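need a structure here:
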Amino acid sequence: MATKLKFINTSQSAFFATVRGRVDAYFAQRAISPHANRAMWAKAVFFLGGYALFYGLIFSNHFGPWVMLGLAIGLGVFAACIGFNVSHDALHGAFSARPWVNKLLGGSFYLLGANPYVWKITHNVVHHTYTNIPGHDEDIEVAPGLIRLDPLEKLQPWHRYQQWYTFPLYALASLSWVLRKDYVKFFKSRIGHHDTANHPSREYIKLFVSKGLYYVFFLVLPSMVLSVAWWQVLIGFIVMHLAEGLVLGLVFQLAHVVEGTTFPLPDETGNVQDAWAIHQLQTTANFAPQSMLAAFFCGGLNRQIEHHLFPKICHIHYPAITAIVKRTAHEFGLPYLENCSFGSALYSHFRLLRALGRPV
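Predicted coordinates for the structure are as follows:
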């Protein structure tokens, strides 16, 4: 049985109490909700509408194979952006104060071919609690054996080259999600230390029905309706998911697997020597915090520090609370990791992959 972890350093609790009080005061003083505002709803409409537009253009049958291939790439990118900008907030309960709205918008995750129920376990519960802890946070177990993100994992000869072959493997993430990952996670008895042996009966139905419908809408119907061969439909499906997977993989990895982030180990009794909030600061990094494009397309995931500390606040407010979190971290002498641009974060990730692929 996996050891249940505990964050035991209660003497560090003053930081989170202070930063939470200041963030709460920010919203109270301005009499604004920490949930979605008009700008956030506009983003949701933009990405959901763009996704529908790409899908509709493909099914219009007015374009040749090469143009439809480009549309498939656009559809994959917009699917990833829906995940970042709509599904993610909704599944955290951050989009709206009304649970039914979050549940409805959380269903947009099905548009990625992914299962919201499984995601809430692996991401909301496990990853957000045990970030970067080997053996518990399965988000750092990307292609185990091929990619070494855990410093304790056995070093293999091919890891020496992982900084080169890892990025193409990220592109396979979405295909794995659609065809394999959700099923594997759903039927595991434990994810990290979290018991997942008993699921509600309705979730079995949702898993298989939603997957079946996804295959129908993205493989069966195109083969029946479009004036292209079945193998061209298959190529389009694969290319769409390669685009989606690359975008998803890069954005998620640049938040936790860059230079400066740590991979802390609990002791033999399962105790982690830091408070939970301090642990989040040590294992998480922001990137491109001043970029309006990153903020718009990444759904606030370029400000992962704020997201991990306040996952129930809608990401549209992260730019405003970033200064509060950063100032408070510095006041307490705590790390606040950030890369100034997407490119610098990408290069930092590359260097860390290279370092993890060689003996210490």
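
where are the low-confidence patches of this protein?
Along the chain, segments meeting pLDDT under 70 span 1-3, 10-11, 192.

Which of the helices or strands spans the spatially most central residue of it?
Taking CA atoms, centre = their mean, the centroid of the chain lies closest to F252, which sits 5.0 Å from it. Assigned by DSSP states H and E, F252 falls within helix 230-256.

Check N286 too.
Following DSSP H and E, the helix or strand that holds N286 is strand 285-287.

Contact partners for T129?
Contact analysis of T129 by CB atoms under 8 Å, 6 or more residues apart in numbering lists 5, 276. Bear in mind the C-beta positions are built from the backbone N, C-alpha and C, glycine included.

Now tell me what touches stretch 178-191 from outside.
1-2, 112-115, 118, 121-122, 126, 138, 195-197, 199, 203, 207, 211, 214, 241.

first to last residue in it, what's the distance?
One end of stretch 178-191 sits 19 Å from the other (CA to CA, to the nearest Å).

Quick check: buried residues in the helix or strand that contains Y318?
Following DSSP H and E, one finds Y318 within helix 318-331. Neighbour counts over helix 318-331 (16 or more other CB atoms under 10 Å) mark 318, 321-322, 324-326, 328-329 as buried.

In CSV: these, plus distance to A36.
Shown next, in CSV, are the buried residues of helix 318-331 (distance: CB to CB, whole Å):
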residue, distance to A36
Y318, 13
I321, 15
T322, 18
I324, 20
V325, 20
K326, 24
T328, 25
A329, 26
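
which among those gets closest to T262?
Closest to T262 out of the buried residues of helix 318-331 is A329 (15.1 Å), distances taken as CB to CB.

show me what contacts the closest one?
Counted by CB under 8 Å, 6+ apart, A329 has contacts 15, 19, 281, 335-336.

change it to 6 Å
By CB atoms under 6 Å, 6 or more residues apart in numbering, A329 lies in contact with Y336.

Same question for the one 3 residues further on.
Counting by CB under 6 Å, 6+ apart, F332 makes contact with F15.

Apply the buried test to the contacts of stretch 178-191 and list what passes.
When the contacts of stretch 178-191 are checked for burial by 16+ other CB under 10 Å, the buried set is 112-115, 118, 121-122, 126, 138, 196, 207, 211, 214, 241.

tell me the two of these that are most distant?
Across those, the longest distance by CB to CB is 25.2 Å; it joins T196 and H241.

wait, what's in contact with I321?
Counting by CB under 6 Å, 6+ apart, I321 makes contact with 23, 306.

Burial check on the nearest residue to F296 once chain neighbours are set aside, number of neighbours?
Nearest residue to F296, sequence neighbours excluded (CB to CB, 6 or more residues apart in numbering): K43, at 7.1 Å. K43 has 21 neighbours, counted by other CB atoms under 10 Å.

Go ahead and confirm K43 touches F84.
No: between K43 and F84 there is no contact under CB atoms under 6 Å: 9.9 Å.

ok, back up a step: let's see which of the contacts of stretch 178-191 end up in helices.
With helices taken from DSSP state H, the overlap with the contacts of stretch 178-191 comprises 118, 203, 207, 211, 214, 241.

And stretch 279-289, how far out from the chain middle?
Per CA atoms, centre = their mean, to the nearest Å, the displacement of stretch 279-289 from the mean C-alpha position of its chain is 14 Å.

Sorry, slip of the keys, the one I care about is stretch 7-21.
Worked out by CA atoms, centre = their mean, stretch 7-21 lies 25 Å from the chain centre.

got the end-to-end distance for it?
In stretch 7-21, first residue to last residue: 21 Å (CA to CA).
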